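K.L.:
Could you look at this predicted model? Sequence included:
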Amino acid sequence: MADTSHADVNILPFERAIEELESIVKRLEEGKVPLEESVAIYERGEVLKRRCEELLAQAEARVNKIVLDSAGKPTGTAPLDVG
């Protein structure tokens, strides 16, 4: 059974979080998990999904820089100049 503690998710690297999320999806799709356990692993899946989204956003921010207009409002992103 998946660990239902959500605190540990905050330290998972992307690869581990996505791997566990895929495992949860597979188990739920099989439909052989009791209802109460299904709810618990679904909730963990939601936490894992948010962690993956957060890590992807952080990676994207490292690759892109925000472009501001003359009023200082964001207008989009541009590739980050490295070097």
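P.N.:
Nice, thanks for sending it over.
K.L.:
Excluding covalently adjacent residues, which one is nearest to K49?
P.N.:
Once flanking residues are discounted, K49 sits nearest to L21: 6.2 Å by CB to CB, 6 or more residues apart in numbering. C-beta here means a position set from N, CA and C on the backbone, and glycine is covered the same way.
K.L.:
and that neighbour, what helix or strand is that in?
P.N.:
Per DSSP states H and E, L21 falls inside helix 14-30.
K.L.:
Just the buried positions in that helix, please.
P.N.:
Across helix 14-30, burial judged by 16 or more other CB atoms under 10 Å covers A17, I18, E20, L21, I24, R27.
K.L.:
So which elements touch it?
P.N.:
In terms of contacts (3 or more CB pairs under 8 Å, 6 or more residues apart in numbering; DSSP states H and E), helix 14-30 is packed against helix 35-63.
K.L.:
For the protein, which element, helix or strand, carries the lowest mean pLDDT?
P.N.:
Lowest on mean pLDDT, DSSP states H and E among the helices and strands of the chain sits strand 64-68, with a mean of 76.
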